[in-house]
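# Fold the following, please.
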Amino acid sequence: MELEKTVHYGSREAVIQNLKDAGCTPEMMECIMSHLDEDDMGELLKLLEHHRSCLLGMVHEREKQIDCLDYFVYQIKRNKEQK
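Numbers count the residues shown, from 1 in each chain. Predicted structure coming up:
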């Protein structure tokens, strides 16, 4: 199946740019493009879902870090107000 018809992008370059913007490594992009070329949508979707899951995990980790920092700032302000 033609790439452009599969993912509704104007060009192969647009797909590659989207993958770069999504934080895919060059190796991952090569693998994804290979699955697209082979019309192997099952494996392609598994790769994309795995990458999404990894990105989401990083977001959650950063949220925890922000929560810790917010709590630390809260404690400092509370302590300052009590003095």
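# Find the nearest non-adjacent residue to residue 18, please.
Of all residues not flanking residue 18 in the chain, residue 9 sits nearest, at 7.2 Å (C-beta to C-beta, 6 or more residues apart in numbering). From N, CA and C alone the C-beta is placed, and that goes for glycine too.
# cool, residue 35 as well?
According to C-beta to C-beta, 6+ apart, the nearest residue to residue 35 is residue 44 (3.9 Å).
# My read is that the one you found contacts residue 33, right?
No - contact criterion C-beta atoms under 8 Å: residue 44 and residue 33 do not qualify, at 9.4 Å.
# before we move on, the earlier item: how close does the residue nearest to residue 35 sit to residue 64?
Distance of residue 44 to residue 64, computed by C-beta to C-beta, to the nearest Å: 31 Å.
# what about these two, which has more around it?
The residue with more neighbours, out of residue 44 and residue 64, is residue 44; 19 against 10, by other C-beta atoms under 10 Å.
# Can you tell me the element the more buried one falls in?
Using DSSP states H and E, residue 44 sits in helix 41-82.
# Tell me the helices and strands packed up against that helix.
Under the contact definition 3 or more C-beta pairs under 8 Å, 6 or more residues apart in numbering; DSSP states H and E, helix 41-82 sits against helix 26-37.
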